[in-house]
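**Q** Got a sequence here, can you model it:
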Amino acid sequence: MGHLDHAALGWLTPALSYVMACTGAALGLRCTVRALGATGRSRRNWLVTAASAIGTGIWTMHFVAMLGFSVSGTDIRYDVPLTVLSLLVAMAVVCGGVFAVGYSKDRTRALFLGGLTAGVGVASMHYLGMAAVRLNGDVTYDPALVGLSVLIAVAAATAALWAALNIKSPVAVAVASLIMGAAVSSMHYTGMFAVRVKVVPAGGVLPGATAMQFIFPLAVGLGSYLFLTSAFVALSPAAGKREAPAPAPVPPAVGRTTG
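**A** Numbers count the residues shown, from 1 in each chain. Model (predicted):
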């Protein structure tokens, strides 16, 4: 049984992954709040931005944390197509949940279905990302911890959508984002603690890319996208300010005549 280290680089990867999760949650919540106050194409664009932000934040959190994952007795590689697919899955399922909330008239039902869909999708992203791991050994999972990680993912997704519907002020969104980041990180590490690896010595080079060859550059690129989009949203005027009515014209003065 190989020894698993989930923080081989110390507290750097857990802390940085938490920051990524919080940033994605904060941006997604702000965009959803903007979407609910908009109509037509503007609402759709805000919802797409929200889904991409949350999905990107969750995926980046997962793989930044994976930079600190190591197993004694074997190298680790990543299957590139499966890793990219996990990113697309994260964005697609979160998009489904966000759009369910953004367009449904029955908010309670939308919250339940959206949270369930997005939560199961986030868990699927996690385990699809784990399926992309290549190492010399057999990987198994503790079923109880896997189930718990899925429940945490569903609860986190439902809480995020509820916050998008009910929280408006920037301070409240910031607090909700910190809580959401903690929930997403908890889901990730619960799923990682479910992993068991039996190392099997083997010759030859493992297929796939190393974390520094592929995961690190992609995580940096997506992290930059999150921060740049956050700056854009912060500087973008809210709908109320952007569409403020013009002042009413002053009627011309009527001159007096004297006789």
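
**Q** Okay, helices next: where are they in the stretch 1-150 of the chain?
**A** Using DSSP state H, counting those that start in this stretch, the helices of the stretch 1-150 of the chain run over residues 12-36, 40-66, 80-103, 107-131, 143-166.

**Q** Please apply the same query to the stretch 151-259 of the chain.
**A** Using DSSP H, counting those that start in this stretch, helices in the stretch 151-259 of the chain cover 170-193, 216-235, 239-242.

**Q** Now mean neighbour count, distance to Val64 and mean pLDDT too, for these, in a markdown table please.
**A** From N, CA and C alone the C-beta is placed, and that goes for glycine too. Listed next are the helices of the stretch 151-259 of the chain as a markdown table, based on neighbours: other C-beta atoms under 10 Å; distance: least, C-beta to C-beta, whole Å; pLDDT from 0 to 100:
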| stretch | mean neighbour count | distance to Val64 | mean pLDDT |
| --- | --- | --- | --- |
| helix 170-193 | 19 | 10 | 85 |
| helix 216-235 | 14 | 5 | 81 |
| helix 239-242 | 10 | 34 | 47 |
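
**Q** And those helices: which comes nearest Lys105?
**A** helix 239-242 (20.2 Å; C-beta to C-beta).

**Q** Val48 and Gly96 touch, don't they?
**A** No. Contact status for Val48 versus Gly96: not in contact, 11.8 Å apart, counting by C-beta atoms under 8 Å.

**Q** thinking again about what came up before, list just the one of the helices of the stretch 1-150 of the chain that sits closest to Ser177.
**A** Counting by C-beta to C-beta, Ser177 lies closest to helix 12-36 out of these; the figure is 3.7 Å.

**Q** Which neighbouring elements make contact with that closest one?
**A** The criterion is 3 or more C-beta pairs under 8 Å, 6 or more residues apart in numbering; DSSP states H and E, and the helices and strands that helix 12-36 contacts are helix 40-66, helix 80-103, helix 143-166, helix 170-193, helix 216-235.

**Q** ok so, going back, reformat the helices of the stretch 1-150 of the chain into CSV and put mean pLDDT next to each item.
**A** Formatted as CSV, those follow (pLDDT from 0 to 100):
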stretch, mean pLDDT
helix 12-36, 86
helix 40-66, 87
helix 80-103, 85
helix 107-131, 84
helix 143-166, 86
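
**Q** Out of those, the one nearest Leu222 is which?
**A** Comparing these by their distance to Leu222 (C-beta to C-beta), the top pick is helix 40-66, with 4.8 Å.

**Q** Distance from the chain centre to the closest one, please.
**A** Taking C-alpha atoms, centre = their mean, to the nearest Å, one finds the center of helix 40-66 at 6 Å from the center of the full chain.

**Q** now swap in stretch 52-67 and tell me
**A** Centre to centre, stretch against its chain (C-alpha atoms, centre = their mean), the figure for stretch 52-67 is 6 Å.

**Q** mind exporting stretch 144-158 as CSV, just the C-alpha atoms?
**A** Extracted in CSV, the C-alpha atoms of stretch 144-158 (Å, rounded to 0.1, in the frame of the first residue of the first chain):
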residue,chain,number,x,y,z
ALA,A,144,-18.6,5.6,2.5
LEU,A,145,-16.3,8.5,2.0
VAL,A,146,-17.2,8.7,-1.7
GLY,A,147,-20.9,8.9,-0.7
LEU,A,148,-20.1,11.6,1.8
SER,A,149,-18.1,13.6,-0.7
VAL,A,150,-21.1,13.5,-3.1
LEU,A,151,-23.5,14.7,-0.3
ILE,A,152,-21.1,17.6,0.5
ALA,A,153,-21.0,18.5,-3.2
VAL,A,154,-24.8,18.6,-3.5
ALA,A,155,-25.1,20.6,-0.3
ALA,A,156,-22.4,23.1,-1.4
ALA,A,157,-24.1,23.5,-4.8
THR,A,158,-27.5,24.0,-3.3
